[in-house]
Each structure stands twice: as C-alpha cells, then as structure tokens.
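Asker: Model the structure of this input:
(4 chains)
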Number of protein chains: 2
Amino acid sequence: MADRDVIRLLLADDHPIVRSGLRAVLDAEPGFEVVGEASTAQEAVQLAGELAPDVVLMDLQFGSGSHGAQATAAITDRPDAPRVLILTTYDTDADILAAIEAGATGYLLKDANPEDLAAAVRTAAAGQSALAPAVAQRLMGRMRTPEAALSRRETEVLQLVADGLSNQQISRALFLSQATVKSHLVHIYAKLGVDNRTAAVAAARRQGLIRR
Amino acid sequence: MADRDVIRLLLADDHPIVRSGLRAVLDAEPGFEVVGEASTAQEAVQLAGELAPDVVLMDLQFGSGSHGAQATAAITDRPDAPRVLILTTYDTDADILAAIEAGATGYLLKDANPEDLAAAVRTAAAGQSALAPAVAQRLMGRMRTPEAALSRRETEVLQLVADGLSNQQISRALFLSQATVKSHLVHIYAKLGVDNRTAAVAAARRQGLIRR
DNA sequence: CACGAAGTCAACCTTTTGGTTGACGCCGGG
DNA sequence: CCCGGCGTCAACCAAAAGGTTGACTTCGTG
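Answerer: Numbering: from 1, shown residues only, chains lettered A, B, ... in the order given. I've put the predicted structure just below:
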C-alpha cells in the first residue's frame, strides 16, 4: 500500500483544532495527502472503509467514552486494511497494550514535533512499527517487570476499590466472601508494591492498569 | 486594548500540533493576527511582556507539571496586561477555579469548534468573560450546591489521600497531627456524602474536585 | 467587635482493613 | 501427571481508619 507516490491519510480526532493542526502540518509535508477527517470513532471506521487511506492517524480517547482502540480493531480487522497510527496524549500501559493488541502499527504522543510525526507516518506507511521514545520505554519496562500484571479477577476487584466500595460491598457485588476479597487485595498490594487500598488505586492509575 | 483593527494573539501550548491547529484556524479568521507562540509556561510569560498581545490563548497543563495557572497569574499581574483565555482539555472544578482566581478572562475546552473559538477570542479581547458551556454549567452547579465545595486545606488533604498516602504520611507531609488529618477527612466525607477515603476520592474525581 | 468558618489538636471508642497461615478445587503447561 | 497460578474461603490478630465530643486560635465579614 505504499506503492503509490503519495501517502493518503485519514485523520481521526474529536478536537477540530487538533485536526486542523495535523492537516496544516502534514499538508506542508511533501508526499502526504489528507483525504478525510473523522470526529468520532464510528466515523473513523466508516471512512477508513470508504476512502481506503494508507494510514489512519487515530486519537485514543474520543469524547464521551468511545474508544479509539475498538475502532482500531475494527479497521485493522479487514483485509487490505490501512495502517493505524495512534496519536494521543496518554501513555498508560493499559492504553498502549490495548492499542497494540488492536492492531495499531505505531503509537505517538501529541507532544511530537512535525518532523517526528512525518517520519512516523512514513514508517507506518511502509508497514513498520513506529513508537514514541516514551512509549517504547514503557513497553520495555513492562517486559522487564511483568509481575505487575494483575489477573482478571484482581483487576475487577481493584476497579471496584477505585470506585469507592468497601470490602463488604465488593464481596456482595462479586458474590464472594470478604475473606476472598481480602485475599485478592493482599495479592494486589504485593504486585503493586503498596500496603493499602488507596495507594493501590493510585499506583494502578499511574500505570494505567485500571479505568480512569 | 481592542482599539486596534486587528486582535493580536499569543499562543501558549506545549503541543506543536495544537499550536499549528490554532494558527491555521485563527489565521483564516479575519481580524486576527497570531504574533507569537510559546511552548512553555515561562516562555508564555516572557513573550506576553515582549509582544504585548491583546489575547493570550493558554493551555493549562504544560508537560512535566508546570502550571498554566501560575503563568496566567504572572501575566495578568502586570498593568495593561493582555487578556488570558484558557484553552484546555480538562474541566475539573479545581482547574477552573484556579484559572479564574489567576485572572483568566475565559475558559474554553479543546473540543471547541473554530467558530466558537473565534467568538470567544473576540469576547475576551473586548474584556468580557468567555466560558465554554460545560464550564459555565460547572460553575453554576458550584454556586447552587456550595456545600460540596471543599476548603483549600481539605482539597489539599484529599489530593494526598488520592495519591495513596496514609493519615500518618499526610500528617507528616503537611506538618499536622493525625487528629487534624482525621478531622479534615470527617468534614470531607460529610461534604461528599461518603464514609471512607476511597469513596471520597472516587466522588471527588467524578466531580472534578481534585486533579486526575 | 462579634460571629462563624476554617484550621488545629486530644481522647476515646468502634469498625474496617491489613497480614498471616492454612486449606481446597480447577486448570493448563512442562 | 504433577506442579504452580488462580480463585475460593476461614480464623485470628494487629494496625489503621472512622466517628464523636470538645476545645482552642485565627481570620475575614457583616
């Protein structure tokens, strides 16, 4: 798909100002053509099919909760799909992993300068992965210390803790005994290197292990 | 300061892409002239003095922690200061109040479309306040139910709770006795209608009373 | 100036959480 | 097939947090 002389781009971001900025930056770059803009995740999926761009520049958080990661999965799921390059302000582990699992070719942060952005788009168009240094570092760290990964059930419990529920409320919500909830919590504390629930929530939030 | 035929603008945002977008959107609008760009809060204060713009478009969160609110205060502190229009993605109560206290003339969210943005700049240049609907709503809500308003000290304590500190750690961090910390917490719980610290953090986060 | 809100602290008691040990069944990979 | 991780639960004790009462100071506003 990089056989053409021009790289065709689709911009997907809910902020009009950011779309204008991307268009201004990328149109100034030779060899790029912005063929469309999407302001919602749904629109991005639709336009990716209709316009057949080479690269989709995708924001992760579209206002009001819809997720760029799901849109990414929908786009990359099809045969002959465009490359998806994530462009977002957040760099939590959960976001990065979700995007990569969804089939994203690269992951950039919005503080990237125009040159880096253009270079990443070219890299992505050629089918190679493009990661911002901070993102690459996070991934390396994750590889090095995989013990921070919580199990499914643990994440479930911790999310309820973050929502402000007591152990008793959690036990009722998940049909468990309080003993089991406490057991999960002890494991969570050990994995996160903390010793109380609020610190666990703070740490998990920092590392992007739970929904913010 | 709106005596001239052209409104002179200074853009302050750490994201090159956003600056490009703002420049593209505002240059297209008649009667606007972008006279400078700042990528840090310090630079914004400096350029606001040197360039004497009519309006400064200011992001609140510059990467690595420096605060746009402080820069706003520094800018509006001088005689014959430009109007400062906050342009940010966040809309927590704490942010909004801090910005307004710092002397900001308006508060916009980055999902604003170009027309709204241009209108807000004109309003600000004329010296009138310009608030995004969501922001105005928050302020109104704050007026209507002031009982949910935490005092400065309470907010400070709650932020440390959200960071995962125990009462003892908080007492040391703020040079208080644990009794005082507990006293603050009791008041916080009452105001937020909860009965434990994690629920308080969750509620405060929902209501935008603390930094996320 | 008087009042209330905010901030500080103490003492006391109850409830919740944290920490440990041990146990049982299930499942998947070596 | 056996071991380890996961998920479940119990009992127990120690520590932290929650709740109440009361008291003192400061500070801004009416």
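Asker: The host helix or strand of A:E43 near chain B anywhere?
Answerer: According to DSSP states H and E, A:E43 maps onto helix A:41-51. No - interface with chain B: helix A:41-51 contributes nothing (CB under 8 Å from any CB of the partner chain), its closest point being 14.3 Å away. Heads up, the C-betas are built off the backbone N, CA and C, glycines and all.
Asker: Distance from the chain centre to the next helix or strand after that helix, please.
Answerer: Note on helix A:41-51: by DSSP H and E, the next helix or strand toward the C-terminus is strand A:55-58. Centroid separation between strand A:55-58 and its chain, computed with CA atoms, centre = their mean, to the nearest Å, is 13 Å.
Asker: Now strand A:55-58 - C-alpha only, PDB.
Answerer: Taking Å, rounded to 0.1, in the frame of the first residue of the first chain, the C-alpha atoms of strand A:55-58 are listed here in PDB:
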ATOM      1  CA  VAL A  55      -2.600   5.400   7.100                       C
ATOM      2  CA  VAL A  56      -5.100   6.400   9.700                       C
ATOM      3  CA  LEU A  57      -4.000   8.800  12.400                       C
ATOM      4  CA  MET A  58      -6.200   7.900  15.300                       C
END
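Asker: Which strands or helices does that strand pack on?
Answerer: Judged by 3 or more CB pairs under 8 Å, 6 or more residues apart in numbering or on different chains; DSSP states H and E, the packing partners of strand A:55-58 are strand A:7-12, helix A:41-51, helix A:68-76, strand A:83-88, helix A:114-125.
Asker: Okay, now the sheet partners of it, with direction.
Answerer: Paired with strand A:55-58 in the same sheet, following DSSP bridges, are strand A:7-12 (parallel), strand A:83-88 (parallel).
Asker: Skipping its backbone neighbours, what lies nearest A:L22 in space?
Answerer: Nearest residue to A:L22 in three dimensions, chain neighbours excluded: A:L11, at 5.2 Å (CB to CB, 6 or more residues apart in numbering or on different chains).
Asker: That neighbour - how many residues pack around it?
Answerer: Neighbours of A:L11 under the rule other CB atoms under 10 Å in any protein chain shown: 26.
Asker: Which positions in chain A make contact with chain B?
Answerer: Within chain A, the positions near chain B by CB under 8 Å from any CB are A:14-25, A:63, A:89, A:110-114, A:117, A:161-166, A:194, A:196-203, A:212.
Asker: Now the buried members of these.
Answerer: Listed as buried from the residues of chain A next to chain B are A:14-25, A:89, A:110-112, A:114, A:117, A:161-166, A:194, A:197-203; burial here means 16 or more other CB atoms under 10 Å in any protein chain shown.
Asker: quick one: the strands in chain A?
Answerer: Under the criterion DSSP state E, chain A contains strands at A:7-12, A:32-38, A:55-58, A:83-88, A:106-109, A:130-131.
Asker: Tell me which of these is the most buried.
Answerer: Per residue and on average, the most neighbours among the strands of chain A fall to strand A:55-58, with a mean of 28 (mean count of other CB atoms under 10 Å in any protein chain shown).
Asker: which residues are contacting that strand?
Answerer: Contacts with strand A:55-58, where a contact means CB atoms under 8 Å, 6 or more residues apart in numbering or on different chains, come from A:7-13, A:22, A:44, A:48, A:68, A:71-72, A:75, A:82-87, A:104-105, A:121, A:124-125.
Asker: Now A:Q178: closest residue in space, sequence neighbours ignored.
Answerer: A:S171 (4.7 Å).
Asker: Look at the one you found and report its pLDDT.
Answerer: pLDDT, A:S171: 94.
Asker: measure it to DNA strand D for me?
Answerer: Distance of A:S171 to DNA strand D, computed by CB to the nearest atom of the strand, to the nearest Å: 7 Å.
Asker: Report the separation between that residue and chain B.
Answerer: As judged by CB to the nearest CB, to the nearest Å, A:S171 and chain B stand 15 Å apart.
Asker: cool, A:L85 as well?
Answerer: Here the distance between A:L85 and chain B works out to 13 Å (CB to the nearest CB).
Asker: same deal with A:R122?
Answerer: Plainly put, A:R122 is 17 Å away from chain B if you go by CB to the nearest CB.
Asker: List the contacts of the residue lying closest to that residue once chain neighbours are set aside.
Answerer: With sequence-adjacent residues excluded and distances taken as CB to CB, 6+ apart, A:R122 is closest to A:I7, at 7.0 Å. The contact partners of A:I7, taken as CB under 8 Å, 6+ apart, are A:31-33, A:54-55, A:121-122, A:125.
Asker: what are the bridge partners for A:I7, then?
Answerer: Assessed by DSSP bridges, A:I7 has beta-bridge partners A:F32.
Asker: what pLDDT does it get?
Answerer: Note for A:I7: predicted pLDDT of 94.
Asker: same deal with the one 5 residues further on?
Answerer: The predicted local confidence for A:A12 comes out at a pLDDT of 94.
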